[in-house]
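J.: Fold the following for me, if possible:
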Amino acid sequence: LTFHRFPLSKPSVLKEWLDNIGRGDFQPKKHTVICSHHFTPDCFSGLGNRRNLLWNAVPTLFSFQPPSPKVSFILLSLSLFLCVFVSQDLRATEHSYALAGPCAAKVRLFRSLHTIGWLCRRLKVKCRVIQKMRLQLRAARRELVSLRGQSHHKHSTSSRIGEVSCKTDIGSAS
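T.: This next block holds a predicted model:
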């Protein structure tokens, strides 16, 4: 999969691209790209390791069916009231990075903002849980050090007592 910029410096080729894409008022910018899936294999040059388009290549492969004029007219009139650009839905949603229109972009933006808010709240909760677990871990480590110290102290005291009793037993035996 490769991405290719629109031929902005070649107006006649650009017009063919825009006609084939069929997105009414779409105006590509300097960094607007189209993927290689929309070109036939003969549109690419075979030179070198790079996959370059020929100068006159035009995208012709699209999975949408062009809507009939009657349906387009009905959908266009509905879009004025509903702000839904259904006549371009098939073309616009062929790839996830393509938007159907301003209303779809707005809906997607607000949905994304809602998701971001929800994720931020979840992140705060998880951060609190992590902080609480860190405090518990520190307390457990302090307790472990304390218990090891007590165990070491008891062990050394009991071994001294054993040494003393052994010496006492040896001394009394002689």
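
J.: got any ranges where this structure has weak pLDDT?
T.: Scanning the chain with the threshold set as pLDDT under 70 gives 48, 64-101, 153-174.

J.: Show me the domain layout of it.
T.: What automatic domain parsing lists as the domains of the chain is 1-62, 65-100, 104-153.

J.: Mean neighbour count for those - can I get that in a markdown table?
T.: For glycine as for every other residue, the C-beta is placed from the backbone atoms N, C-alpha and C. Shown next, in a markdown table, are the domains of the chain (neighbours: other CB atoms under 10 Å):
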| stretch | mean neighbour count |
| --- | --- |
| domain 1-62 | 13 |
| domain 65-100 | 14 |
| domain 104-153 | 10 |
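
J.: so what secondary structure elements neighbour the helix or strand hosting Lys106?
T.: Element membership of Lys106, judged by DSSP states H and E, is helix 102-173. Helix 102-173 is packed against no helix or strand, with contacts defined by 3 or more CB pairs under 8 Å, 6 or more residues apart in numbering; DSSP states H and E.

J.: Make 13 the starting number, not 1.
T.: Shifting the count to begin at 13 puts that one at helix 114-185.

J.: Just the CA coordinates for stretch 61-79, please, in CSV.
T.: Output of stretch 61-79 as CSV, limited to C-alpha atoms (Å, rounded to 0.1, in the frame of the first residue of the first chain):
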residue,chain,number,x,y,z
ASN,A,61,12.5,0.0,-5.6
ARG,A,62,10.0,2.8,-5.3
ARG,A,63,6.4,2.5,-6.5
ASN,A,64,5.9,5.7,-8.5
LEU,A,65,2.8,6.7,-10.5
LEU,A,66,3.2,7.5,-14.1
TRP,A,67,2.7,11.2,-14.9
ASN,A,68,-0.6,10.6,-16.6
ALA,A,69,-2.0,7.9,-14.2
VAL,A,70,-5.6,8.4,-13.1
PRO,A,71,-7.4,6.6,-10.2
THR,A,72,-10.1,4.4,-11.6
LEU,A,73,-10.7,1.7,-9.1
PHE,A,74,-13.4,2.5,-6.5
SER,A,75,-15.7,0.1,-4.6
PHE,A,76,-18.7,2.4,-4.7
GLN,A,77,-21.5,2.4,-7.2
PRO,A,78,-22.4,5.9,-8.6
PRO,A,79,-25.8,6.8,-7.3
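
J.: Contacts for the host helix or strand of Ile46, please.
T.: Per DSSP H and E, Ile46 falls inside strand 45-47. Strand 45-47 is contacted by residues 13-18, 29, 33, 71, 107 when judged by CB atoms under 8 Å, 6 or more residues apart in numbering.
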